[in-house]
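[1] Sequence plus predicted model, see below.
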Amino acid sequence: MTESTMKAPKKALRPVKWMRENLFSGWFNTVLTLGVAYLLVTSVGPLLNWFFLDANFVGSDASDCTGAGACWLFISQRLNFFIYGFYPDELQWRVDVMFLLLAVAFVPQFIERFPGRKWLGLFGIFGLPVVGYFLIPGGAFGLEEVQSSKWGGLMLTLILAYIGIIASLPIGILLALGRRSEMPIIRGICVIFIEVWRAVPLITVLFMASVMLPLFLPEGVNFEKLARALIGITLWQSAYMAEVIRGGLQAIPRGQYEAADALGLGYWRKVGLVILPQALKMVIPGIVNTFISLFKDTTLVLIIGLFDILGTVQSTVTDPAWQNVAIEGYVFVAFCFWIFCFGISRYSQNLERKLDTGHKT
Amino acid sequence: MGNSMTDQTQTSEMQTPPRDQSDQKPGIIRVEGMHKWYGDFHVLRDLNLTVDQGERIVICGPSGSGKSTFIRCINRLEEHQQGKIIVDDVELTDDVRQIDTVRREVGMVFQHFNLFPHLTVLENCCLSPIWVRKTPRKEAEATAMEYLERVKIPDQANKFPGQLSGGQQQRVAIARALCMKPKIMLFDEPTSALDPEMIKEVLDVMIELAGSGMTMLCVTHEMGFAKTVADRVIFMDGGEIVEEAPPHDFFTNPQEARTQKFLKQILAH
Ligand SMILES: Nc1ncnc2c1ncn2[C@@H]1O[C@H](COP(=O)(O)OP(=O)(O)OP(=O)(O)O)[C@@H](O)[C@H]1O
Ligand SMILES: [Mg+2]
């Protein structure tokens, strides 16, 4: 074979050799391996039993939960409440449409070479909020109005997280740029904004938004509680986002700014075409981390009386009609959060791989 | 950078490109009584220089003498505090529009290339023509390919900078600057970050460019290049222009003691 047709040798995978090298190298590792194996064997069996084998799936109320395992019946019976909160049954199709659009916009993002997936993604970011703005509350185009106090469950969690995420990114970018601005006034405002919001716990922000903000607003101006919570979450999140992005901006070598200046790009094109694409790419893990923690932090709206998915489940497990279903309820909530957070995380890894241009300096 | 200071014999044997004397605009760059400070540190002291269109100037001098700072003032990457810099009849002041006007007419090549790593070679070259000159994409790409052809790497157009060698990256950087069709090109030690075997390929491109009548200001330690191409060599030390002469006089008959000492040092290899 000539040099040019030679392939890099593949790493051979031999199970026995692999095990000897990784699991049984030396007495200490052998003991560890055996210990872990013992724990797995003794715990997996009971878990399997509880989750599946002894679990109850069919029936209509608590009395049908006769098996020793989990009472999944509880979840399936109350699923409607967990997903839609108090949203009226006959109008729930509006929420379903939003779920469907969400899936149409973002599921293709995981499929390489899906035709037009970029456009679907853009629709998801810019179009979806507009559609949702009219569809979910209603009150226009002949749609019956549904007060936001009736929204709840998974739907509310997604609304909070989604708006928080897509609004905090651009605000965070502007704050980060402002903090590095050469103009002292702009820089000062951004520093103060970031430092104030970042130093306050989200719970406090939500409390202030729900209890104190109305006191400051002029007579007659009255946001709904949900809108106030959303504004609070978004601003709080923007401060975090700004610092993550600033980390990226600082990692860009000075030569990149100079080259862009020398080409006469001007400030906004320099930032938009040269600096941000590189800086954002660099901090994707940090951005995604912030997204994920926001997603979970939305559960805190419970304390201002909004029923997100955790709130709906929590209020149901104390229902006297069902007994001892708390574990099932929380496992279900954990699973829902995991699905979405894991999805976000996977997508970001795809993105990082795709954006890698082999530049390492 | 002892290595790159050596006289590149290959280039010094090449013919001096003839200089196009027609259609010359006198004083396309005029620097008058210019001073610059970094805080309290007086980097540039009373610089005066007039460069005609089509002239090729080589600036040399010991490290820290202010060469980079000087040519970076010409496209306002650095701000000067006193005196005047007038480029193609536009004076550099705080006015952002005037700065942008000048930057559009002045291309710059850096020691460390400074290509945009997230864009392909072709996209690097097209970025500014499309967004600043508003050239249609097709046309910008055609022009970019022409220049990539001229720097002899059209086949790398769709690669990312990270996949190219240093010499190739520097040639892309030259092509990128040329795509803006600048009237003036500034070079800040374009070969001193390169391995010796790549220096020639970059110098060849610069020599070819010099032959095309481009106004060039070049900070370099490549004395062979200076002898071949320069119309004038400027020697800076301690933030001042110490001596200014045509290359032949500069190398054979330097007037100032500091110049003689510098030349002795760098030609001593
Ligand atoms: N941003 C800055 N702030 C303060 N001092 C600086 C700055 N940039 C450069 N200097 C100083 O100004 C002087 C001139 O620097 P300059 O980079 O112009 O030198 P140079 O002639 O290009 O040197 P070299 O051959 O090493 O590139 C040096 O003493 C340097 O330390
Ligand atoms: Mg320098």
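    Looks like it came in fine. Ligands and ions are numbered 1, 2, ... in the order given.
[2] Against B:Leu178, how distant is the residue nearest the centre of chain B?
    Centroid-nearest residue in chain B: B:Phe187, 1.9 Å away (criterion: C-alpha atoms, centre = their mean). Using C-beta to C-beta, to the nearest Å, one gets 12 Å for the distance from B:Phe187 to B:Leu178. The C-beta positions use only the backbone N, C-alpha and C, and glycine is treated the same way.
[3] tally of neighbours for residue 53?
    Chain wasn't specified; assuming chain A. Each residue near A:Leu53 was counted by other C-beta atoms under 10 Å in any protein chain shown, and the total is 12.
[4] Wait, chain B was what I had in mind.
    Neighbours of B:Gln53 using other C-beta under 10 Å come to 18.
[5] part of a helix, is it?
    No. Using DSSP: H, G, I helix; E, B strand; the rest coil, the assignment for B:Gln53 is coil, not a helix.
[6] does the residue nearest to it when sequence neighbours are not counted sit in a helix or strand, and which one?
    In space, and not counting its chain neighbours, B:Gln53 is closest to B:Lys25: 4.0 Å by C-beta to C-beta, 6 or more residues apart in numbering or on different chains. Taking DSSP states H and E as the definition, one finds B:Lys25 inside no helix or strand.
[7] B:Lys25 contacts B:Asp52, correct?
    Yes. Counting by C-beta atoms under 8 Å, B:Asp52 is a contact partner of B:Lys25 at 6.9 Å.
[8] quick one, which of these two is more surrounded?
    Just comparing B:Lys25 and B:Asp52: by other C-beta under 10 Å the higher neighbour count belongs to B:Asp52, 15 against 12.
[9] count of neighbours near the residue lying closest to that one once chain neighbours are set aside?
    Excluding the flanking residues, the one nearest B:Asp52 by C-beta to C-beta, 6+ apart is B:Pro26, at 4.9 Å. As a burial measure, B:Pro26 scores 10 neighbours (other C-beta under 10 Å).
[10] got it, and A:Leu39?
    With other C-beta under 10 Å as criterion, A:Leu39 counts 10.
[11] for B:Leu148, same thing?
    23.
[12] need the contact list for it.
    Counting by C-beta atoms under 8 Å, 6 or more residues apart in numbering or on different chains, B:Leu148 makes contact with B:Val121, B:Leu122, B:Cys125, B:Pro154, B:Gln156, B:Ala157, B:Val172, B:Ala175.
[13] Apply 10 Å and report the result again.
    B:121-122, B:125, B:154-157, B:171-172, B:175-176, B:178-179 (C-beta atoms under 10 Å, 6 or more residues apart in numbering or on different chains).
[14] Any of those buried? List them.
    When these are checked for burial by 16 or more other C-beta atoms under 10 Å in any protein chain shown, the buried set is B:Val121, B:Leu122, B:Cys125, B:Pro154, B:Gln156, B:Ala157, B:Arg171, B:Val172, B:Ala175, B:Arg176, B:Leu178, B:Cys179.
[15] who in the stretch 151-269 of chain B is up against chain A?
    By C-beta under 10 Å from any C-beta of the partner chain, the residues of the stretch 151-269 of chain B that approach chain A are B:159-163, B:173, B:176-177, B:179-180, B:182, B:186, B:188.
[16] Quick one: buried ones out of these?
    B:Lys159, B:Phe160, B:Pro161, B:Ala173, B:Arg176, B:Ala177, B:Cys179, B:Met180, B:Pro182, B:Leu186, B:Asp188.
[17] in the top helix by length along chain B, what's buried?
    When chain B is parsed with DSSP state H, its longest helix is helix B:196-211. Using 16+ other C-beta under 10 Å as the test for burial, helix B:196-211 gives B:198-207, B:209-211.
[18] want to throw the residues of the stretch 151-269 of chain B next to chain A into TSV with secondary structure and pLDDT?
    Below are those laid out as TSV (DSSP: H, G, I helix; E, B strand; the rest coil; pLDDT from 0 to 100):
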residue	secondary structure	pLDDT
B:Lys159	coil	93
B:Phe160	coil	93
B:Pro161	helix	93
B:Gly162	helix	91
B:Gln163	helix	91
B:Ala173	helix	95
B:Arg176	helix	95
B:Ala177	helix	95
B:Cys179	coil	94
B:Met180	coil	92
B:Pro182	coil	94
B:Leu186	strand	95
B:Asp188	strand	94
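[19] which outside residues touch stretch A:145-152?
    A:81-88, A:91-92, A:94-95, A:136-139, A:156, A:159-160, A:224-227, A:229-230, A:305-309, A:311-312, A:315.
[20] for stretch A:28-40, same thing?
    For stretch A:28-40, contacts defined as C-beta under 10 Å, 6+ apart pick out A:Met19, A:Glu21, A:Asn22, A:Leu23, A:Phe24, A:Ser25, A:Gly26.
[21] average pLDDT across stretch A:231-249?
    Averaging pLDDT along stretch A:231-249 yields 93.
[22] now do stretch A:82-101
    pLDDT averaged over stretch A:82-101 gives 84.
[23] that older thread, joint contacts of B:Lys25 and B:Asp52?
    B:Thr215.
[24] what's the helix or strand for A:Val333?
    If you go by DSSP H and E, A:Val333 is part of helix A:326-355.
[25] So which elements touch the longest helix of chain B?
    Judged by 3 or more C-beta pairs under 10 Å, 6 or more residues apart in numbering or on different chains; DSSP states H and E, helix B:196-211 is in contact with helix B:9-12, strand B:56-60, helix B:137-150, helix B:166-178, strand B:184-188, strand B:215-219, helix B:223-229.
[26] got the ones you listed as a markdown table, with distance to A:Ala251 columns?
    Shown next, in a markdown table, are the helices and strands packed on helix B:196-211 (distance: least, C-beta to C-beta, whole Å):
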| stretch | distance to A:Ala251 |
| --- | --- |
| helix B:9-12 | 38 |
| strand B:56-60 | 32 |
| helix B:137-150 | 28 |
| helix B:166-178 | 20 |
| strand B:184-188 | 23 |
| strand B:215-219 | 28 |
| helix B:223-229 | 35 |
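[27] which residues sit in contact with the residue nearest to B:Asp52?
    By C-beta under 10 Å, 6+ apart, B:Pro26 lies in contact with B:Thr50, B:Val51, B:Asp52, B:Gln53, B:Glu55.
[28] How about B:Ala173?
    Going by C-beta under 10 Å, 6+ apart, B:Ala173 touches A:259, B:107-110, B:112-115, B:124-125, B:151, B:161, B:187, B:190, B:202.
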